[in-house]
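> A structural model of the following input is requested.
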Amino acid sequence: MALQDPTKIRNVGVVGHGGSGKTTLVETLLHVNGATARLGKVDDATSILDTDPEEQKRKTTINCHIATLAQDGVKINLVDTPGFADFAGDQSAALRVIESALIVVDASSGMQVGTQLVWQDLERQKKARVAVVGRLDRENADFDAVLRQLREAYGIRVVPLHVPVGTHQDVEATIDLLHDQLLKGPKDPVAEVPASEEERVKDYRQQLVEAIVETNEDLLARYLDGKEIPYEELRGALHAAVREGGIVPVIATSASKKIGFGGLLETIVDMLPSPVEAGPAVGTTPAGDEIARKPSTGEKLSALVFKTIADPFVGKLSYVRVYSGVLHGNSQLYDATAGEAERVGQVFFLRGKEQEATDAVGAGDICAIPKLAASTTGSTLSDKDAPIRYGPIAFPAPAFSVAIEPTSKQDLDKLSTALHRLTEEDPTLRVHREDATHETLLSGIGESSVDVAVHKLKDKFGVSVETRTPKVPYRESIRAKARAQGRYKRQTGGHGQFGDTWVEIEPLVPGSGVEFATKVVGGSVPRNFWPAVEKGIREAAERGVIAGYPLSDFRATLYDGSFHSVDSSEMSFKIAGSLALQNCVKEAQPFLLEPIMELEVLVPEDHMGDVLSDLNSRRGRVLGMDSTPGGLRSIKAQVPMAETFRYATDLRSMTGGRGTFTAKLLGYEECPSHIAQKVIADHEAQQAEEPAAAR
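As a prediction, this is how the structure comes out:
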């Protein structure tokens, strides 16, 4: 198969709010183009793209999917992305490897949260875009209202390019304003504009032409002089303006009637930038020096793995964007991120789950490689003699966590491997062990993403887990000095066990941990038993004394004791040290510490009051508020961790999905007495139940 000329490639993301019709748009484009023989439908679970069982069950896109087609000699790689915030990780990966995007807006719903968020991302990354207003055949569809919304939000650079004829079920065609012609489905054959539409078309075309000439001084001067601007010059100026983000064309479509899709394909080919127009990709050498690679097959190879699919039977499938050079099948490459050699076997082009084998993939193209050993999402592949490393993909931080526990011994044996494969597939998932609570925590962007992960553990990897709200990793500490004895004596026949220690504890500044010292004189406790005493104290501190949480920020000093020449042992002094600490803590005014999180919350101005009130109800301290370049308000606050476990879900509910936040552990503060008393009482009740259960 001949390599595709990089100037004849379009890498296009399909983005927008969840449920706006993105996947339906892609399915219809494929069918109208002839790339697929049947029209896949999301609601019927026959989609060519949404083939994951969780996607079919929820009727929504969870993963990004690739679909390739050819139009007028140009190869189009469509990257269908999730629209809901809980699955924004795949959207972030997709935006990294495309040059342009179709922003899909439901004509009956108008601009929604997902539309605004992804528009901001595309603006920040300076990606070209086209707004596609779909579902024009629906009862409440209103193209003009959506166009007004877009222009009010993003200015006069948003201009109509294809507008509908008819409304709701009577929509029958679209009008191409640049060509001044009628396009009727399914492949949009050309016809003359009806006389009844001429006045409306004149107003819309004036908006389009004025927006185009304002991006070009020569065209603007001629336009102001009243001269007619030829089509070819308008087309060239529009392409340049779209490429630079100076103009965002708006196109009308109806998937159910297959109206507007021929014109949309033409717009993708004519108006959206190729990899060559996007310019070189910039990375770094192993020495850290900046280096650029042109999107040319004559350059050395460089490629980025932007998505990993983990299958328990087939193995890994890696989605790869080639930035320069040629990626050959059955070749040896170098993973510059992992610093390891990587063997490439077969290489495929994708259309959903359909795979088309190819011998080589050139610069600017997207492909899939199965069974890469070391490479994961974010890895850079290159020639070993010319290594380059591209920066990591910026994924959203996890904001929602659950504690997970396998339901059986068999599940426990498989859990570690399954979690590794799961996090390899979705980099927004995190798994870590919380030592203070002895829980395994699974964290994701939101409640839905974690729920999907738990279902995948069961359905994909055969591991069943129970989930619950995580425990708060409290800590224990002391306020005062105290001295106490720890004496352990047991006679069991033959040699007994004897250890006797006197220990003093004193508080240290927060963050000091546990310190151990000795002031033994006269050999009352032989030196060879000191390490055992320290071990007993540290282990007792790790278990906690008043509530079962680690005790920290204190110094324990062994200053006296006694021993037996026959019965004393390391074990007996370890137990004696543990008992001494427990007895000391009871007299040292113990108290409970709770973890405090530092939050930065980004919300629209009109939701500030609700969010501030909610933070106060969570025992939060608001430190300050600022404006952000994205038009949102930033709130910085300190909130106890116990109040943040469901904050991701609650914040989206309060703000209609517009609010986001990041959180990091700030430190520990004394827990309010009424909460501490409840935590201690729960621990004592649990301790009382355990001996009863043992009996």
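> so where is the chain shaky, pLDDT-wise?
1-2, 185-189, 313-314, 493-494, 629-631, 690-695 (pLDDT under 70).
> name the single longest strand found in it.
Counting residues, the longest strand in the chain under DSSP state E turns out to be strand 590-603.
> was I right to think Tyr437 contacts Pro470?
Slight slip there: residue 437 is Thr, not Tyr. Yes. Look at Thr437 against Pro470 with CB atoms under 8 Å: they come within range, at 7.0 Å. All C-beta spots, glycine's among them, are computed from the backbone N, C-alpha and C.
> what touches both of these two?
Here Thr437 and Pro470 have Ala403 as joint contacts, going by CB atoms under 8 Å, 6 or more residues apart in numbering.
> among these two, which residue is more densely surrounded?
Neighbour count, other CB atoms under 10 Å: between Thr437 and Pro470, Pro470 has more, with 20 against 17.
> let me see the contact set for that one.
401-403, 434, 437, 439, 441, 645.
> could I get those residues in TSV, plus columns for distance to Pro526 and secondary structure?
Below are the contacts of Pro470 laid out as TSV (distance: CB to CB, whole Å; DSSP: H, G, I helix; E, B strand; the rest coil):
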residue	distance to Pro526	secondary structure
Ser401	48	strand
Val402	50	strand
Ala403	44	strand
Glu434	38	strand
Thr437	38	coil
Glu439	40	strand
Leu441	44	strand
Phe645	49	coil
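> report the distance from the biggest helix by length in the chain to the chain centre.
Selection of the longest helix in the chain by residue count, based on DSSP state H, yields helix 673-694. From the chain centre to the centre of helix 673-694 is a distance of 38 Å (CA atoms, centre = their mean, to the nearest Å).
> what's the angle between that helix and strand 590-603?
With axes from the mean of the first three to the mean of the last three CA atoms, to 10 degrees as the basis, helix 673-694 and strand 590-603 are set at 110 degrees to each other.
> buried stuff in helix 673-694?
Using 16 or more other CB atoms under 10 Å as the test for burial, helix 673-694 gives 675-676, 679-680, 683.
> same check on stretch 496-506?
By neighbour count with 16+ other CB under 10 Å, stretch 496-506 contains the buried residues 497-506.
> check stretch 213-228 too.
Neighbour-count burial for stretch 213-228 [16+ other CB under 10 Å]: 213-216, 219-220, 223.
> and the furthest pair within the residues you listed?
Thr215 and Tyr223 (11.5 Å; CB to CB).
> quick one: the helices in the stretch 101-250 of the chain?
With DSSP state H, counting those that start in this stretch, the ranges of helices along the stretch 101-250 of the chain come out as 113-124, 143-154, 198-213, 217-224, 231-244.
> where do the helices sit along the stretch 251-400 of the chain?
261-271, 275-278.
> how about a markdown table for those, with mean neighbour count and distance to Val209 added?
A markdown table is the format used below for the helices of the stretch 251-400 of the chain (neighbours: other CB atoms under 10 Å; distance: least, CB to CB, whole Å):
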| stretch | mean neighbour count | distance to Val209 |
| --- | --- | --- |
| helix 261-271 | 22 | 15 |
| helix 275-278 | 21 | 23 |
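> need the ones you listed in a markdown table with distance to Glu123, can you?
Output for the helices of the stretch 251-400 of the chain, formatted as a markdown table (distance: least, CB to CB, whole Å):
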| stretch | distance to Glu123 |
| --- | --- |
| helix 261-271 | 18 |
| helix 275-278 | 16 |
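> TSV for the buried residues of stretch 213-228, including distance to Val42?
Shown next, in TSV, are the buried residues of stretch 213-228 (distance: CB to CB, whole Å):
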residue	distance to Val42
Val213	41
Glu214	40
Thr215	38
Asn216	41
Leu219	43
Leu220	45
Tyr223	44
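> ok, now how distant is Glu689 from His683?
As judged by CB to CB, to the nearest Å, Glu689 and His683 stand 11 Å apart.
> using the three-state scheme, assign the residue sitting nearest the centre point of the chain.
For the chain, the residue nearest the mean C-alpha position is Gly89 (3.0 Å; CA atoms, centre = their mean). With DSSP: H, G, I helix; E, B strand; the rest coil as the basis, Gly89 sits in helix.
> give the contact list for it.
Per CB under 8 Å, 6+ apart, neighbours of Gly89: 395-396, 426-428, 445, 449.
> neighbour-wise, which one of the residues you listed leads?
Highest count within the contacts of Gly89 by other CB under 10 Å belongs to Ser449, 27 neighbours.
> circling back: quick check: what element follows the longest strand of the chain along the chain?
Following strand 590-603 in sequence order, the next helix or strand is helix 608-617 (DSSP states H and E).
> just the buried positions in that following helix, please.
608, 611-612, 614-615.
> so how far is the following helix or strand past that helix off the chain centroid?
Moving toward the C-terminus from helix 608-617, the next helix or strand (DSSP H and E) is strand 621-627. Computed by CA atoms, centre = their mean, the chain-centroid distance of strand 621-627 equals 25 Å.
> and for stretch 605-623?
25 Å.
> straight-line length of that stretch, end to end?
In stretch 605-623, first residue to last residue: 17 Å (CA to CA, to the nearest Å).
> begin at 31 from here
All right, first residue 31 from here; so that's stretch 635-653.
> what does that stretch rub up against?
629, 631, 633, 655, 662-663, 665-670, 673-674, 677, 680-681, 684-686, 688-689, 702.
> which parts of stretch 598-608 are buried?
So, applying 16+ other CB under 10 Å, buried residues of stretch 598-608: 598-599, 602-608.
> now the strands for the stretch 381-530 of the chain?
Here the stretch 381-530 of the chain has its strands, by DSSP state E, counting those that start in this stretch, at 384-388, 390-392, 396-400, 410-412, 430-436, 460-464, 469-474, 495-498, 505-508, 512-520, 527-537.
> so which of those strands comes closest to Asp110?
strand 396-400 (12.6 Å).
> CA-only coordinates of the closest one in CSV, if you can.
The C-alpha coordinates for strand 396-400 follow below in CSV (Å, rounded to 0.1, in the frame of the first residue of the first chain):
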residue,chain,number,x,y,z
ILE,A,396,-2.9,7.4,12.7
CYS,A,397,-2.7,3.6,13.1
ALA,A,398,-2.9,0.8,15.6
ILE,A,399,-0.2,-1.6,16.8
PRO,A,400,-1.0,-4.8,18.8
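> dump the buried residues of helix 703-724 to TSV, plus distance to Lys444.
Converted to TSV, the buried residues of helix 703-724 look like this (distance: CB to CB, whole Å):
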residue	distance to Lys444
Ile705	38
Ala706	39
Val709	34
Ile710	37
His713	32
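> hmm, Leu471 is touching Leu459, no?
No. Using CB under 8 Å, Leu471 is not in contact with Leu459, being 10.8 Å away.
> which one of those two has more residues nearby?
Neighbours per residue, other CB under 10 Å: of Leu471 and Leu459, the larger number sits with Leu459, 22 against 18.
> re the thing from before, any idea which of the helices of the stretch 281-430 of the chain gets closest to Arg126?
helix 305-308 (12.3 Å).
> and that closest one, C-alpha only, in CSV?
Only the C-alpha atoms of helix 305-308 are listed here, as CSV (Å, rounded to 0.1, in the frame of the first residue of the first chain):
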residue,chain,number,x,y,z
PRO,A,305,-0.5,17.8,9.3
VAL,A,306,1.9,19.7,7.1
GLU,A,307,0.0,23.0,7.7
ALA,A,308,0.0,22.3,11.4
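> list the helices and strands that helix packs on?
Applying 3 or more CB pairs under 8 Å, 6 or more residues apart in numbering; DSSP states H and E, one finds that helix 305-308 contacts no other helix or strand.
> nice, that's everything, thank you.
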